[in-house]
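Q: Sequence and predicted structure below; questions after.
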Amino acid sequence: MPADSPQEKPPSPATATLADGAFERIQQAIVQGELAPGTRISEQYLCSTFGIGRGPLREAIRRLEGRRLVVRTPHAGVRVASLSQEELIELYHVREALEGMACRLAAQNMTDAEIAGLREVLAMHEQHSGLKTNESYYQQEGDLDIHYRIIQGSRNRTLSDMLCGDLYHLVRMYRYRYSTTPKRPQQAFAEHHRIIEAIADRDGELAEMLMRRHISVSRRNIERQMREQRDATASSGGSTP
């Protein structure tokens, strides 16, 4: 194939900019559940919905694959990533242990300025309309995510790679999906507040316990919802997927 073949050219600046916008919008739609786990990605639908061309869209999808938010199956196309119930619960058990450890280390290693930053982010979260109505608690990625900041504050590169790497955005998708449970958003916010205060007090043992409890409560909430879905399916005579 010639070196100047269109298939080998990098995206033009204009295409890259459009791809960036498409990537951000589709990622948000996935994390916030507008595109549910397992949903087949239709290029035509996304092009018309987001008003973008197929070139930028395909570049955005490649980036979403890199973040493990979509998966490509031969002869079946591209779908939004989906974990089985067992995989999701296993993931939450791992989060409970590792994020608890990260929280203990953060209490030892975060600077006063970084802790002040945690409080600033929490104050921003408090203004979100979904949280005020106790309907949802959506945290943007990276430095606007309390969990992300605490993990980075642990100063442990291995923990950061494990918790903020490939699985980070997949975890965010499920965190948001199950944060819309009645009364859970404000409860989760209050738990974040207590965790930050324990870190500020340099009480690593308490900080770890509070983070483990925070994630454990979320896991039990997921398990309860799964049981309710199974019961509802059984009572209607259907079968679980």
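A: Good, I have the coordinates.
Q: looking just at contacts, which helices and strands does the strand or helix carrying residue 212 meet?
A: Counting by DSSP states H and E, the element that carries residue 212 is helix 204-235. Other helices and strands packing on helix 204-235, by 3 or more CB pairs under 8 Å, 6 or more residues apart in numbering; DSSP states H and E, are helix 85-109, helix 168-179, helix 184-200. (C-beta placed from N, C-alpha, C; glycine too.)
Q: Quick one: distance of it to the chain centre.
A: 16 Å (CA atoms, centre = their mean, to the nearest Å).
Q: go on, stretch 90-101?
A: So, by CA atoms, centre = their mean, the centroid of stretch 90-101 is 14 Å from its chain's centroid.
Q: How about stretch 142-160?
A: 14 Å.
Q: before we move on, back to that, please identify which of the helices and strands packed on helix 204-235 is closest to residue 49.
A: helix 168-179 (18.5 Å; CB to CB).
Q: tell me the domain boundaries of this protein?
A: 18-80, 85-226 (the TED database).
Q: is it possible to export those domains to a markdown table including mean pLDDT, distance to residue 235 and mean neighbour count?
A: Converted to a markdown table, these look like this (pLDDT from 0 to 100; distance: least, CB to CB, whole Å; neighbours: other CB atoms under 10 Å):
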| stretch | mean pLDDT | distance to residue 235 | mean neighbour count |
| --- | --- | --- | --- |
| domain 18-80 | 89 | 23 | 16 |
| domain 85-226 | 92 | 15 | 17 |
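Q: any idea how far residue 172 lies from residue 163?
A: 11 Å (CB to CB, to the nearest Å).
Q: ok, the residue most central in space within the chain - contacts?
A: When CA atoms, centre = their mean is applied to the chain, the residue found nearest the centroid is residue 172 (1.0 Å). Counting by CB atoms under 8 Å, 6 or more residues apart in numbering, residue 172 touches 31, 139, 141, 145.
Q: Tell me the one among the residues you listed nearest to residue 107.
A: Of the contacts of residue 172, the one sitting nearest to residue 107 (CB to CB) turns out to be residue 145, at 18.3 Å.
Q: Name the nearest residue to the closest one, sequence neighbours excluded.
A: Spatial nearest neighbour of residue 145, excluding adjacent residues (CB to CB, 6 or more residues apart in numbering): residue 139 at 4.6 Å.
Q: That neighbour in helix, strand or coil?
A: coil (DSSP: H, G, I helix; E, B strand; the rest coil).
Q: For it, give me its contacts.
A: With CB under 8 Å, 6+ apart, residue 139 has these contacts: 125, 145-147, 172, 175-176.
Q: gap between it and residue 168?
A: 12 Å.
Q: next one: residue 88
A: 15 Å.
Q: just to revisit the earlier point, just send the helices and strands packed on helix 204-235 back as CSV, with distance to residue 40 too.
A: Output for these, formatted as CSV (distance: least, CB to CB, whole Å):
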stretch, distance to residue 40
helix 85-109, 20
helix 168-179, 16
helix 184-200, 29
